[in-house]
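Enquirer: only geometry, no sequence info:
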């Protein structure tokens, strides 16, 4: 099972899918999700290959109908279940 996390993270973070539009943060982990919406290892590997990696900055742009977010300089759109696999530590003072 694939899982990549930020080594110096003190918090597990919150799922990208649960952020409010405009929220900013830093990715702390990309993992497979179990339960109602499992994410395949291939999907996790695809996210990682697109730069969705621990330490990358993210901004949530849109929540519906899909999750659209900016990861560093790349705008991506994913299904809600895939966004559950990306854990984010929110920035206290977004700029």
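Expert: On my side now, so go ahead. This one's a predicted model, so the numbers in the text were calculated from it and none came from an experiment.
Enquirer: Quick check: closest non-adjacent residue to residue 26.
Expert: In space, and not counting its chain neighbours, residue 26 is closest to residue 89: 5.2 Å by CB to CB, 6 or more residues apart in numbering. Any C-beta I mention is one placed from the backbone N, CA and C, and that applies to glycine too.
Enquirer: What strand or helix carries that neighbour?
Expert: Using DSSP states H and E, residue 89 falls within strand 86-90.
Enquirer: Quick check: buried residues in the lengthiest helix in the chain?
Expert: The longest helix of the chain (DSSP state H) is helix 41-49. Buried residues in helix 41-49, counted by 16 or more other CB atoms under 10 Å: 43, 44, 47.
Enquirer: elements contacting that helix?
Expert: Judged by 3 or more CB pairs under 8 Å, 6 or more residues apart in numbering; DSSP states H and E, helix 41-49 is in contact with strand 3-5, strand 24-31.
Enquirer: Show me what secondary structure element comes after it.
Expert: Following helix 41-49 in sequence, per DSSP H and E, is strand 57-62.
Enquirer: Going by neighbour count, list what's buried in the very next helix or strand once past that next one.
Expert: For strand 57-62, the following helix or strand on the C-terminal side (DSSP H and E) is strand 67-71. For strand 67-71, the neighbour count (16+ other CB under 10 Å) marks 67, 68, 69, 71 as buried.
Enquirer: Partner strands of strand 67-71, with direction?
Expert: Partner strands for strand 67-71, per DSSP bridges, with pairing direction: strand 57-62 (antiparallel), strand 74-78 (antiparallel).
Enquirer: No further questions, thank you.
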